[in-house]
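Asker: Build me a model from this:
(3 chains)
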Amino acid sequence: MNLPVKKSLSCNNNLKPILLRVYSLLYKIYGPRHWWPANSSFEVVVGAILTQNTNWSNVEKAITNLKGEKLLRPLTLRNLNSKRLAALIRPSGYYNIKAKRLKNFLDFLFLNYDGKLSRMRHTPLKTLRKEILGINGIGQETADSILLYALGKPVFVIDAYTRRIAECLCITCAGSKYDDLQAVFMKNLPCDARIFNEYHALLVTHSKTVCKTRPDCEKCILHKEKGERR
DNA sequence: GACCAGGCACATC
DNA sequence: GATGTGCATGGT
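Answerer: Model prediction:
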């Protein structure tokens, strides 16, 4: 008996041209995104943890609270009482668990890198990614966001937005693994943190502005790209 | 009031 | 390995 097989372009096509065209199309529409929206690498890390399964506007409220109390520094935050931290990040949701996750990251940072994010940059990507993934509460997306946006490492971030567009373009099939989708982007694009940064930011912008207000994929500017592949 | 939004860990099968 | 569940707020 033959079982139905979900087909995606990634199985049998060279995706380099389509990925590059999509990039150039989105860049032409939206221009440089200047991501991540933060004033420091440490703010990126905090934002990456707080945005887990949460609307970014809620994260901004939490970060504003921390900034208002002048707490957005590794040592200050590490010394802060967990209950107080949880209360300040309350608007971002899951505040108890996220307070714990922030503390876990800070423990890691002080234990291994003297509390300095800049020292992490000297560690090779593969090793660093493994280390960060070892922190309880940091999964693949959060780790990669930190690596790319806080540390400038060339790694492609896969999130709900990336996945949504990739599925729309038939670059991947629904339910595909994080590593597999990440490999599609990383194998078909130049290994350059600036490109991975801009590309991911453009996908998020496009997904937020177009896909949300107009979920009809047929009318999306990227739909033509999919059509040309078939 | 229901649903959604840039996850993750843990328990269970 | 795959699936289900708890964690929680604020906007629409």
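Asker: Minimum distance to DNA strand B, which residue of chain A gives it?
Answerer: For chain A and DNA strand B, the shortest gap (C-beta to the nearest atom of the strand) falls at residue A:139, measuring 2.1 Å. (Each C-beta comes from the backbone N, C-alpha and C, glycine too.)
Asker: Neighbours of residue A:190, how many?
Answerer: Counted with other C-beta atoms under 10 Å, the neighbours of residue A:190 add up to 11.
Asker: Report the separation between it and residue A:207.
Answerer: From residue A:190 over to residue A:207 the distance is 23 Å, taken as C-beta to C-beta, to the nearest Å.
Asker: So which bits of chain A are right by DNA strand B?
Answerer: Along chain A, the residues adjacent to DNA strand B under the rule C-beta under 7 Å from any atom of the strand are A:36-37, A:48, A:51-56, A:58, A:93-94, A:97, A:135-143, A:145, A:149, A:157, A:159-161, A:204, A:208.
Asker: Just the buried ones among those residues, please.
Answerer: Neighbour counting with 16 or more other C-beta atoms under 10 Å marks A:36, A:48, A:51-52, A:58, A:93-94, A:135, A:138, A:140-143, A:145, A:149, A:157, A:159, A:161, A:204 as buried within these.
Asker: give me the subset of those residues touching DNA strand C.
Answerer: A:58, A:93, A:94.
Asker: Tell me the pLDDT of the residue lying closest to residue A:44 once chain neighbours are set aside.
Answerer: If the residues on either side of it in the chain are set aside, residue A:44 comes closest to residue A:150, at 3.9 Å by C-beta to C-beta, 6 or more residues apart in numbering. The score at residue A:150 is 98. That number is its pLDDT.
Asker: Kindly report the same for the one 5 residues further on.
Answerer: Reading off the confidence values, residue A:155 has pLDDT 98.
Asker: Next, it: phi, psi?
Answerer: With angles defined as degrees, to the nearest 10, residue A:155 sits at phi -140, psi 140.
Asker: For chain A, what lies in contact range of DNA strand C?
Answerer: By C-beta under 7 Å from any atom of the strand, the residues of chain A that approach DNA strand C are A:53-55, A:57-58, A:61, A:90-91, A:93-98, A:175.
Asker: Point me to the residue of chain A nearest DNA strand C.
Answerer: Sorted by distance to DNA strand C under C-beta to the nearest atom of the strand, the residues of chain A start with residue A:93, at 2.5 Å.
Asker: ok, longest helix in chain A?
Answerer: Counting residues, the longest helix found in chain A (DSSP state H) is helix A:95-113.
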